[in-house]
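Colleague: Predicted model, plus sequence, below.
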Amino acid sequence: MKKLILFVFVSMLCFSSMAKEGMWVPTLLEKYTIEEMQQMGFRLSAEDVYSVNQNSLKDAVVIFGRGCTGEMISDKGLLLTNHHCGYSAIQSHSSVEQDYLSNGFWAMSQEEELANPGLTAKFLDRMEDVSDSVFAGTEQLEGDSLQAKLDYNIRRIQQQASEEGKYEAIVKPLYFGNQYFLYVYQVFTDVRLVGAPPSAIGKFGGDTDNWMWPRHTGDFSIFRVYANANNEPAPYSEDNVPYKPKNWLPISMNGVHPDDFMMLMGYPGTTQQYLPSQAVDMIINQSNPDRIKIRTAILDIFSKHMEQDPKVRIQYASKYASTSNSWKRWKGEIRGLNRLNAIMVKEAYEADFEVWYMQNDTLEEAYASVLPQFEQLYINLQPYEKANNYYQEIVFKGIDIFKLAENFPRNDKGWNRLDGEKQGLVRKALDQKMTDYFDDYDLGTDQELFTELLRLLRADLDQSFLPKEFTDLLAKYNDEKLIRKVYQKSVLADASKLKEIVAEFDSKAIDKLQKDPVIKLYNGLRQHYQQNIERVYQDIKSNIARVQKQYMKGIMAMEKNAQLYPDANFTMRVAYGKVEGYQPRDGVEYSHHTTLQGIMEKYQLGNPDYIEVEKLKTLYETADFGEYGEDGQMPVAYTASIHSTGGNSGSPAINAKGQLVGLNFDRCWEGTMSDIMFDPDQCRNIMVDIRYVLFIVDKFAGAGYLLDEMDLIRE
Ligand code: ARG
Ligand code: ASP
């Protein structure tokens, strides 16, 4: 009986296709999901979403920068994405005198738009299943020679598709390497900043509201893609002209209402829906708690210094935000996975799997070793997972001065091979890195991180994972002495001395720097990590990947009638659901949307994450919402039951008619476990209502001229 209940539970929660769970491959909609999408209200065809022959929605959706999504909203290359996606571009144009982060920025004509070296927009030209070509000639191979042949095939496919550098071509595995797809992108490198609201709107709610609903963040910014006279990608030039995209999204002024069909197109980064129970157990009981513990220590130190010094508050704002973002999600994940009994659900699924492969000898031969192998591999992984997390979070990310140490050449072999001109370039590059580094560096803060995090490293890791010089050092000194002897004696803590060294950087400087106490300490830790942790860790991980590939193959065979979507891998996906609120806990009902009134209510709380914006208040008080309001209210954000993850930020939220109605930017707290297990009752994605975006552009910023380029649909 108990087993039966578990089975029902499993088929409810696990891999069977729920209406709203899933991130689907856009070329496979016809096969898998279009029927259901249409039943839920979608009026377009699969061909309208992704077509090889004609312009389709996919032509309007881009990879923005390194990890976000954006979309075309005019025939003049206007691009919409999140404020938090454009943040570093906006920051790079900001100074104390001209603080675009605080005050917002609006180009009032194309001439005023700002160039952003290094920023790209990638348009997907095509994608295709290349599994056959990737697997060609691999049938008899195993282990390293299999991998070598796969890599060789992949390189050839990529090279061919790139047409001598005209495109960026990349082959990526799906279903843990049971399939491979080729993605071919056109990469635009002249992407200019057009507009951004002040952070008090674009980042409203800050870390207090991050990963939370009800939400009131106007999380958007606007860019424009430029091309050469032939409408092709070109490096920045004054002669470039606005890119004319193959497609752009019409914008609906009609708003969103409960039960409306809603679809996201975009680039979800990573999900892990097919992990075995041991992996989920490790996430809940070890990896997340370890990383949370370390980051709690970091955030406490950040807060303390940020509160004491306004300069540090600005310098560490971005570090704080990115450190706290995953920290908060990891906490939500533990909560959500426990609520779902995720480990038990996975175990029950594995029991199912066992029953399935035992039905005949061939299956048994193929799959009987999968689960026992997982069992053993995850036991082996455990200490290395811990050590790896500690090194990553502390040595490679947490302590700033170590990051600086990483940037200097470690021996003069390479240096001596460079000619004078190249050496000059290296000096210049080092100088630039140092300037950037010291801009956002505070000695007092980093020193405290240094002692506190090294103390944690030593206290929590087994001795065998630490170099002897390091444990000796910590045994010899108390915190204060350690700082004085190691940190303060280091030239890396002294910006002006370091600048001098870099100006005359040569092989003598390289030798000398290797004796610097911080560089020595860092190199010792780094080496110990590489020799005693990383290799074993990667080795176990690649064994796990091999078993996981076989497990996935089995899952697909067992569930051949179900629709299984591949884990997110930062390739274009379609996800869909309905506009709806949810019940976060007993007796509480969350509405699907928020309004400007909620911003005014939050102003009253005195929380520094809710900064008042005078003009927004006035617009509210005079109810000056123009055509953007509805029923006397100004809509701000809304939720839907769509499966999304990091990377989906900036994704267009598209209604039943294929029109843009919102801009995705986050998920709700109760659903943060959705990367590992999706719960249709609690998982909601969060979008800005497009009418709020237009209201801010037009009524607030007075940049209404931008709306003239857009296709606004009013009927
Ligand atoms: N949680 C959202 C995402 O994962 C938004 C993050 C940016 N906002 C912040 N307060 N850190 O990216
Ligand atoms: N905020 C995330 C992003 O930046 C989206 C998410 O994780 O829901 O992509």
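Modeller: Okay, I see it. Ligands and ions are numbered 1, 2, ... in the order given.

Colleague: show me the contacts for T208.
Modeller: T208 sits next to N607, D609, Y610 when contact means CB atoms under 8 Å, 6 or more residues apart in numbering. All C-beta atoms are positioned from the backbone trio N, CA, C, and that covers glycine.

Colleague: Please repeat the previous calculation with a cut-off of 6 Å.
Modeller: By CB atoms under 6 Å, 6 or more residues apart in numbering, the contact set of T208 is N607, D609.

Colleague: quick one: it and R215, what's the gap?
Modeller: Taking CB to CB, to the nearest Å as the measure, T208 falls 11 Å from R215.

Colleague: cool, and A161?
Modeller: Applying CB to CB, the value for A161 to R215 is 41 Å.

Colleague: more crowded one of those two?
Modeller: Neighbours were counted for A161 and for R215 using other CB atoms under 10 Å; R215 has more, 24 against 20.

Colleague: what pLDDT does that one get?
Modeller: pLDDT, R215: 98.

Colleague: What is the neighbour count of R329?
Modeller: Neighbours of R329 (other CB under 10 Å): 20.

Colleague: Quickly find the element holding it.
Modeller: Counting by DSSP states H and E, the element that carries R329 is helix 317-339.

Colleague: Run through the residues of the stretch 401-550 of the chain sitting next to ligand 2.
Modeller: Contacts of the stretch 401-550 of the chain with ligand 2, taken as CB under 6 Å from any ligand atom, are absent.

Colleague: now swap in the stretch 601-715 of the chain and tell me
Modeller: Residues of the stretch 601-715 of the chain lying close to ligand 2 (CB under 6 Å from any ligand atom) are S644, T645, G646, G647, N648, S649, F665, D666, R667.

Colleague: quick one: which of the residues you listed is nearest ligand 2?
Modeller: Of all those, ligand 2 sits closest to S649, with 3.0 Å by CB to the nearest ligand atom.

Colleague: any idea of the pLDDT on that closest one?
Modeller: Taking S649 on its own, its pLDDT is 98.

Colleague: any idea whether it is helix, strand or coil?
Modeller: coil (DSSP: H, G, I helix; E, B strand; the rest coil).

Colleague: same deal with N411?
Modeller: coil.

Colleague: A234: helix or strand, and which one exactly?
Modeller: With DSSP H and E as criterion, A234 is part of no helix or strand.

Colleague: Surely it and N228 touch.
Modeller: Yes - counting by CB atoms under 6 Å, N228 is a contact partner of A234 at 3.8 Å.

Colleague: Between these two, point out the one with more neighbours.
Modeller: More crowded of A234 and N228, by other CB under 10 Å: A234, with 18 against 15.

Colleague: what's the distance between the more buried one and ligand 2?
Modeller: Remark: distance between A234 and ligand 2 (CB to the nearest ligand atom, to the nearest Å) = 28 Å.

Colleague: show me where the stretch 51-200 of the chain has strands.
Modeller: Applying DSSP state E, counting those that start in this stretch to the stretch 51-200 of the chain gives strands spanning 61-64, 68-72, 78-81, 105-106, 114-115, 121-129, 168-174, 179-188, 190-196.

Colleague: same for the second one, what does it pack against?
Modeller: Right, the one you point to is strand 68-72. Counting contacts by 3 or more CB pairs under 6 Å, 6 or more residues apart in numbering; DSSP states H and E, strand 68-72 is packed against strand 61-64, strand 78-81.

Colleague: What of the third one?
Modeller: With contacts defined as 3+ CB pairs under 6 Å, 6+ apart, strand 78-81 has these neighbours: strand 68-72, strand 221-227.

Colleague: Tell me which strands it pairs with, and in which orientation.
Modeller: strand 68-72 (antiparallel), strand 221-227 (antiparallel) (DSSP bridges).

Colleague: Make TSV from the ones you listed and add distance to N285 and mean pLDDT to it.
Modeller: As requested, the strands paired with strand 78-81 are exported to TSV (distance: least, CB to CB, whole Å; pLDDT from 0 to 100):
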stretch	distance to N285	mean pLDDT
strand 68-72	32	98
strand 221-227	39	98
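
Colleague: Strands of the stretch 451-600 of the chain, residue ranges please.
Modeller: Using DSSP E, counting those that start in this stretch, strands in the stretch 451-600 of the chain cover 573-578, 593-595.

Colleague: Can you tell me which of these is most buried?
Modeller: Highest mean neighbour count of those: strand 573-578, a mean of 26 (counted as mean count of other CB atoms under 10 Å).

Colleague: Give me the contact list for that one.
Modeller: For strand 573-578, the external contacting residues (CB under 6 Å, 6+ apart) are 20, 23-24, 26, 37, 259, 262-265, 268, 640-643.

Colleague: The strands of the stretch 51-200 of the chain: which one's closest to A342?
Modeller: strand 168-174 (23.4 Å; CB to CB).

Colleague: Keeping just the C-alphas, turn stretch 347-361 into PDB.
Modeller: Provided in PDB are the C-alpha atoms of stretch 347-361 (Å, rounded to 0.1, in the frame of the first residue of the first chain):
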ATOM      1  CA  GLU A 347      13.900   7.200  -4.100                       C
ATOM      2  CA  ALA A 348      10.400   6.100  -5.100                       C
ATOM      3  CA  TYR A 349      11.200   7.000  -8.700                       C
ATOM      4  CA  GLU A 350      14.300   4.900  -8.500                       C
ATOM      5  CA  ALA A 351      12.300   2.000  -7.100                       C
ATOM      6  CA  ASP A 352      10.100   2.400 -10.200                       C
ATOM      7  CA  PHE A 353      13.100   2.300 -12.400                       C
ATOM      8  CA  GLU A 354      14.300  -0.900 -10.800                       C
ATOM      9  CA  VAL A 355      11.000  -2.600 -11.400                       C
ATOM     10  CA  TRP A 356      11.100  -1.400 -15.000                       C
ATOM     11  CA  TYR A 357      14.500  -2.700 -15.900                       C
ATOM     12  CA  MET A 358      14.000  -6.000 -14.200                       C
ATOM     13  CA  GLN A 359      11.300  -7.000 -16.700                       C
ATOM     14  CA  ASN A 360      13.800  -8.400 -19.100                       C
ATOM     15  CA  ASP A 361      17.500  -9.400 -19.300                       C
END
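
Colleague: Average pLDDT for it, rounded please.
Modeller: Averaging pLDDT along stretch 347-361 gives 97.

Colleague: Pull out the buried residues from that stretch.
Modeller: E347, A348, Y349, E350, D352, F353, W356, Y357 (16 or more other CB atoms under 10 Å).

Colleague: what does stretch 580-599 give?
Modeller: Going by 16+ other CB under 10 Å, stretch 580-599 has these buried residues: E580, G581, Y582, P584, Y590, H592, H593, T594, T595, L596, G598, I599.

Colleague: Now the nearest residue to V61 once chain neighbours are set aside. Its backbone dihedrals?
Modeller: Distances taken as CB to CB, 6 or more residues apart in numbering put M265 closest to V61, at 4.8 Å, once the chain neighbours are dropped. With angles defined as degrees, to the nearest 10, M265 sits at phi -120, psi 140.

Colleague: which bits of the stretch 301-450 of the chain sit near ligand 1?
Modeller: Residues of the stretch 301-450 of the chain lying close to ligand 1 (CB under 6 Å from any ligand atom) are A321, N325.

Colleague: just to revisit the earlier point, the buried residues of stretch 580-599 in helices, which ones?
Modeller: L596, G598, I599 (DSSP state H).

Colleague: doesn't F438 make contact with A495?
Modeller: Yes - the criterion here is CB under 6 Å, and A495 meets it with F438 at 4.8 Å.

Colleague: what sits in contact with each of these two?
Modeller: Where contact means CB under 6 Å, 6+ apart, no residue is in contact with each of A495 and F438.

Colleague: Which one's more surrounded, the two?
Modeller: Neighbours per residue, other CB under 10 Å: of A495 and F438, the larger number sits with F438, 17 against 14.

Colleague: so how far is ligand 2 from the spatially closest residue to P197 that is not a sequence neighbour?
Modeller: In this structure, P197 finds its nearest non-sequential neighbour in G104, 4.9 Å apart by CB to CB, 6+ apart. From G104 across to ligand 2, the span is 21 Å (CB to the nearest ligand atom).

Colleague: need the contact list for G104.
Modeller: So G104 contacts A196, P197, P198 (CB under 6 Å, 6+ apart).
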